[in-house]
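> Sequence plus the predicted model coming up.
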Amino acid sequence: MTRSIFILALLTTLAPCAFSDLAKNPWKLPTSMEVQGKKLVLNGIGIRKAKIFFKVYAAGLYLPAKSSNPEDIKKMEGSKVIDLYFLRNVDKKDITKAWKEAHGMDQFTGEVSTLNSYMVDMKKNTHGMQFQVHDDGLVVKVGENLHPKIKNAAFAKAILNIYLGPAPPNKELKEGMLGKKI
């Protein structure tokens, strides 16, 4: 009996640790933002993991209206934003390699090259990157630097599809960005 009480107490203490990150939003991602004069709301926050247990970044998805359906989100008119908060240091070479290898990026070698030219080493505990997916292209903010729009609507949609498509970097990332509990 004492052992059961101890195990129950231990589980009660540890369980909130596993799920509280998303509920508390320790990365201070704003609940809304304005892009091109339109208010976007935080749809959800997903965690990018590498090798199953290393947390790389938290990704907030901002939309004109909340949705948990990836196909509806992709069809939504207006801007969408993916805001990345880095949870560990990541080298530029690892970031550029990931963009080259991401699902669907082989069709956009010129655009990926431009995107990679914007990349820098990312530092732990920083809002490192933001992708503004517009109907006519992609605007990228790295650190405080807002780069010129990459004017290719298909490429902008492909960036969104990396996160919300059939082959996201990891399931928890997609599910969290869709506002689902992970």
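Structure's in. What do you need? Computed from a predicted structure; not experimentally measured. Residues are numbered from 1 along each chain as shown.
> any idea which residue sits dead centre in this protein?
Nearest to the geometric centre of the chain sits residue 59, at 2.7 Å (Cα atoms, centre = their mean).
> Residue 42 is in contact with that one, correct?
No - with contact defined as Cβ atoms under 8 Å, residue 59 does not count as touching residue 42 (11.0 Å). C-beta coordinates here come from the backbone N, C-alpha and C atoms, glycine included.
> what bits of this protein have low per-residue confidence?
For the chain, applying pLDDT under 70 flags the ranges 1-25, 182.
> what about the helices in it?
Listed in chain order, the helices of the chain (DSSP state H) span 2-24, 70-75, 92-101, 109-118, 153-164, 171-177.
> Could you pull out the buried residues of stretch 87-99?
87, 90, 95-96, 98-99 (16 or more other Cβ atoms under 10 Å).
> and what of stretch 102-110?
Here stretch 102-110 shows 102, 104-105, 108 as buried, counting by 16+ other Cβ under 10 Å.
> Go through those residues and flag which are in strands.
Judged by DSSP state E, the buried residues of stretch 102-110 include no members of strands.
> I'd like the residues you listed as CSV, with distance to residue 63 appended.
Formatted as CSV, the buried residues of stretch 102-110 follow (distance: Cβ to Cβ, whole Å):
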residue, distance to residue 63
102, 21
104, 21
105, 23
108, 23
